[in-house]
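Student: okay, predicted coordinates and the sequence, questions at the end:
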Amino acid sequence: MSRSLHTDPYPLRAARRAPHAVRVRARPARPGFVHPAGAADVRRALEFFGASATYGLRGVELRQRPRDAGPVAVAALRVPGIVLLFEQPEPPWVLPGPLTGDAAARLRRAGALVTGGTAATRVDWPGATLRDFVLLDGLMHEIGHHTIQHAANRRRAAAMRTADHERRADAHAARARAAWAGRC
């Protein structure tokens, strides 16, 4: 088999060149907030998804959420190769106003119990559903963005239009969710 970077299939190249361990750093959550997925959970997820998830990834940081973040800010990608996972409010969440249909569907797909009203929406997270939401809809979604950027060798500029970037990152997270569900 050729060892050329131009002819090797991406997963094989990733398996050959992936770092042995991705650095995971955790900062404490503020009062009233939690890190639903701890550093050990992140390491287990990265190990489960393997080299194709960690190829080119420099690190994962569990951080306090930015003050200007929206009510459901889960994660962000800091190019090149750093995924930020934000602290989440302690459940249950009470969000102002009604959620859009897409947002409510995404939370329900992740296992949340969403009770909508006109003034506020309550989101309950039974069991490990919030942890899995952060790992799959946060971490793996941002790794989807990272994979796109890394494959295009783009450090700053977006590799494609935002809508296409989001669609592909969502598809990456959906594949990860299916694999994660079938792990047991």
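Tutor: Done, it's in.
Student: where along the protein do the strands fall?
Tutor: Using DSSP state E, the strands assigned to the chain run over residues 23-26, 33-34, 59-63, 75-78, 82-86, 88-89, 93-96, 113-116, 120-124.
Student: right, so those: which one is the most enclosed?
Tutor: For the strands of the chain, average neighbour numbers computed from mean count of other Cβ atoms under 10 Å are highest in strand 82-86, which has a mean of 22. (Glycine included, C-beta is placed from N, CA and C.)
Student: contacts only, for residue 136.
Tutor: Counting by Cβ atoms under 8 Å, 6 or more residues apart in numbering, residue 136 touches 110, 173, 176, 177, 180.
Student: which among those residues gets closest to residue 79?
Tutor: Of all the contacts of residue 136, residue 79 sits closest to residue 173, with 18.1 Å by Cβ to Cβ.
Student: quick one: the closest residue to that closest one other than its chain neighbours and residue 164, what's the gap?
Tutor: In this structure, residue 173 finds its nearest non-sequential neighbour in residue 141, 4.2 Å apart by Cβ to Cβ, 6 or more residues apart in numbering. With distances taken as Cβ to Cβ, to the nearest Å, residue 141 is found 14 Å from residue 164.
Student: with residue 96 instead?
Tutor: Note on residue 96: its distance to residue 164, by Cβ to Cβ, is 31 Å.
Student: next: residue 46.
Tutor: Counting by Cβ to Cβ, the gap from residue 46 to residue 164 is 25 Å.
Student: how about residue 56?
Tutor: Spatial separation of residue 56 from residue 164 under the definition Cβ to Cβ is 20 Å.
Student: what sits up against the longest helix anywhere in the chain?
Tutor: Ranked by residue count and defined by DSSP state H, the top helix of the chain is helix 162-181. Outside of helix 162-181, the residues within contact range by Cβ under 8 Å, 6+ apart are 45, 48-49, 53, 109, 132, 135-137, 140-145, 147-148, 158-160.
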